[in-house]
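Undergrad: coords please:
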Amino acid sequence: MSVGDQSVSDLLSSVLPKGYTADEFQRPLVTLTFAQSLDGKIAGKGGKQLILSGKESMLMTHWMRSMHDAILVGIGTVLNDDPQLNTRHIPEDDQPYHLPRPVILDTNLRLKRYCKLLKNYRERIGRRPWVICGANSTPDYAERKSALEDSGARVIAVPSEDGGSCLIMIPDLLKVLYNLGIRTLMVEGGATIIGSFLAESARTKPNAIINTLIVTIAPVLIGDDGVGYGEKLSTAQIPTLKHIRTEVMGRDVVVFSALE
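TA: As a prediction, this is how the structure comes out:
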């Protein structure tokens, strides 16, 4: 697939950060990306999965995955969508050598043992998922942790600087991932994760934790039953964007931005 005179991989290489290393701030480079409807919805009622991206923009997303060390999603997305977080839409002849590491932010270890991420790992067609949880001392925590590890997951507790037992702060999360060797992180959602990363980027400017924002806009309307990502963000929690480029991919429009 090409966009104008460029291949998708060349396009992505041109918009992802250059001249900056993750080592500068001791955290991964972060790409926040998601698909939304024209009215700003990313999921259906109750977080139900919506297939918003057309085939061209979906292929772009899978190429983007191949260019990152890891993909981060929240447990709500995993429970609702049961995603695979791989690069399966890239044609077999073009399949990249690298597969991204699935990372699930799962504060209370609600991940199901039979989910596709763990099933793919057990069948040796996917990488071992990392499950990120809070520092938890509830009676059944050890049991749930053991069950997930027996199913193939690596469970990683992130201690919070504010002493909270379960709350995971984004800077703490990024520091742990960096120390585990993750230098490029693709954040895909859902709504709570997207809102949290946007708010944290506004708080940390001019060194916003999001380096690149890539939004696919599908030509559909969802209405009041849809779930958005910005309803709970105050004006102070909205970062300033610098437009990089806009591309039409099939039926969709993809907007590439950096954060100022």
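
Undergrad: got any ranges where the chain has weak pLDDT?
TA: Across the chain, residues meeting the criterion (pLDDT under 70) sit at 1-6, 18-22, 96-97, 137, 160-166.

Undergrad: Centroid-nearest residue for it?
TA: Centroid-nearest residue in the chain, with Cα atoms, centre = their mean: Val187, separated by 2.0 Å.

Undergrad: For beta bridges, what are the partners of that residue?
TA: Per DSSP bridges, the residues bridged to Val187 are Leu32, Leu72.

Undergrad: Which strand or helix spans Ser146?
TA: helix 141-150 (DSSP states H and E).

Undergrad: And that helix, what's buried?
TA: Buried residues in helix 141-150, counted by 16 or more other Cβ atoms under 10 Å: Tyr141, Arg144, Lys145, Leu148. All C-beta spots, glycine's among them, are computed from the backbone N, C-alpha and C.

Undergrad: Repeat that for stretch 114-134.
TA: 115-121, 126-127, 129-134.

Undergrad: Show me where the protein has its helices.
TA: 8-15, 55-66, 75-81, 116-122, 141-150, 170-179, 191-204 (DSSP state H).

Undergrad: before we move on, the earlier item: just checking, what packs against the helix holding Ser146?
TA: Contact here means 3 or more Cβ pairs under 8 Å, 6 or more residues apart in numbering; DSSP states H and E; on that basis helix 141-150 packs against strand 154-158.

Undergrad: for the strand it packs on, which positions count as buried?
TA: Val155, Ala157, Val158.

Undergrad: Dump those into a markdown table; add distance to Leu59 as well.
TA: What follows is the buried residues of strand 154-158, written out as a markdown table (distance: Cβ to Cβ, whole Å):
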| residue | distance to Leu59 |
| --- | --- |
| Val155 | 33 |
| Ala157 | 36 |
| Val158 | 33 |
